[in-house]
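Chemist: next one to model:
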Amino acid sequence: MFLGTHSPRLDDKGRLFLPAKFRERMSDGLVVTRGQERCLYVFPMDEFLKVTQQMQAAPTTSKAVRDFTRVFLSGASDEVPDKQGRVTIPANLRAYAGLTRECTVIGAGARVEVWDTTAWNAYLESTEQGFSDQSEEVIPGLL
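Modeler: Just a heads-up that it's a prediction; the model follows:
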């Protein structure tokens, strides 16, 4: 499980250091793709395969399923971290997420999310109060 918030920087070649605590889980390969709210989702390869199996089980007669699947998979890039734990973020995905040098990487359970730090701070500011105000109806019985 991926947890926490980290602040790595993109280097001039578009590479990002994975947080040390995430590296072992990602060492055999990973997939970077478009996420929602203009961040990037990073999945260990085995987790990405589970996600795509669920997508394949969804009805292709649904336009929403087709649209989501197309956007999600067309942006996907399989990568292998180098020996220093760096992952290259393809240019099209850096542009999608508006990544600059300053990035925020968060653990989101089964996946990692990569955000431009300014975008992450704005997102967090706009959603923290809503998070505090949530009642049990959002995820019944969670807490």
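Chemist: for residue 67, the count of nearby residues, please.
Modeler: Look at residue 67: counted by other C-beta atoms under 10 Å, it has 10 neighbours. C-beta: built from backbone N, CA, C; applies to glycine.
Chemist: oh, I was asking about residue 79
Modeler: Residue 79 sits with 18 neighbouring residues when counted by other C-beta under 10 Å.
Chemist: does it touch residue 30 like I think?
Modeler: Yes - between residue 79 and residue 30 there is a contact under C-beta atoms under 8 Å: 5.7 Å.
Chemist: shared neighbours, these two?
Modeler: Common contacts of residue 79 and residue 30 (C-beta atoms under 8 Å, 6 or more residues apart in numbering): residue 87.
Chemist: residue 38 and residue 116, how far apart?
Modeler: Distance of residue 38 to residue 116, computed by C-beta to C-beta, to the nearest Å: 8 Å.
Chemist: just residue 83 next, same as before
Modeler: Counting by C-beta to C-beta, the gap from residue 83 to residue 116 is 27 Å.
Chemist: out of those two, which sits in the busier spot?
Modeler: Between residue 83 and residue 116, residue 116 has the larger neighbour count (other C-beta under 10 Å), namely 22 against 6.
Chemist: and the more buried one, backbone torsions?
Modeler: Dihedral angles phi and psi of residue 116 (degrees, to the nearest 10) take the values phi -70, psi 130.
Chemist: list the residues that contact it.
Modeler: By C-beta under 8 Å, 6+ apart, the neighbours of residue 116 are 97, 98, 99, 100, 102, 103, 104.
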